[in-house]
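Trainee: sharing a sequence plus its predicted fold:
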Amino acid sequence: MGGQDKGLVKLEGKPMIGHVISTIAPQTGKLLINANRNLDAYQALGYPVIRDELDGFQGPLAGILSALDHIQNPYLLCVPCDVPGLPADLAQRLSSALQNQQGDLAVVHDGEKLQPAFALIPVRLREDLRAYVGRGERKLRSWCKTHRLALADFSDKPECFANINDGTELQQFSARSTGFTR
């Protein structure tokens, strides 16, 4: 995105994170935004904003760890800000997978690949994640695989997990989002 903050890039007149919030807010009791720049713009969305507690940009695990440190709920539902087509049943399917498969955490599988950025993580894994990050590890997929995974099957909706990384993908998403079913 040419250095732009992807969550704030406009899609159909509102920031991408606005699309994410519209879909996720009804699925969760509380919403929290993890951001490390443009904090005023994120705070203007009306939800608490937290920064990574680790110095320097350490990747998504740093944000997840910060969120786990700040929430009061027993579970954290994680989603990235650059995926505006999220399904309306994401939390329900992740929760069902976690319960039915008795996993340590639940992640999305889109029918072709694991999508670990879309996860339901119990707070009880916080110290495990802290130790993992403390060893210098930064890969979300690798950390997830150190646990018994419950897979939420979204093979019927793989397009819901398409992230937008550049202007071309933004235009393509906008063109196909008309009539898009979540």
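Mentor: Yep, it's here. Quick caveat: nothing in here was measured; it's all calculated off a predicted structure.
Trainee: from here on, just use CA atoms for contacts and neighbour counts.
Mentor: Noted.
Trainee: quick one: what helix or strand has residue 133 in it?
Mentor: Residue 133 is part of helix 126-134 when elements are defined by DSSP states H and E.
Trainee: next SSE after that helix?
Mentor: helix 140-144.
Trainee: show me what that following helix is packed up against.
Mentor: strand 114-122 (3 or more Cα pairs under 8 Å, 6 or more residues apart in numbering; DSSP states H and E).
Trainee: direction included, what does the strand it packs on pair up with?
Mentor: Partners of strand 114-122 in the sheet, by DSSP bridges, are strand 75-78 (antiparallel), strand 105-109 (antiparallel).
Trainee: which of these has the highest mean neighbour count?
Mentor: Counting by mean count of other Cα atoms under 10 Å, strand 105-109 has the highest mean neighbour count of those, with a mean of 26.
Trainee: okay, now the unreliable bits of this structure?
Mentor: Within the chain, the stretches with pLDDT under 70 are 1-3, 56-57, 165-182.
Trainee: 50 - rerun?
Mentor: Within the chain, the ranges that satisfy pLDDT under 50 run 1, 179-182.
Trainee: so which residue is smack in the middle of it?
Mentor: residue 79 (1.3 Å; Cα atoms, centre = their mean).
Trainee: with adjacent residues omitted, what lies nearest to that one?
Mentor: With sequence-adjacent residues excluded and distances taken as Cα to Cα, 6 or more residues apart in numbering, residue 79 is closest to residue 118, at 4.9 Å.
Trainee: show me where the protein has its strands.
Mentor: 10-11, 14-15, 33-34, 49-50, 75-78, 105-109, 114-122, 149-153 (DSSP state E).
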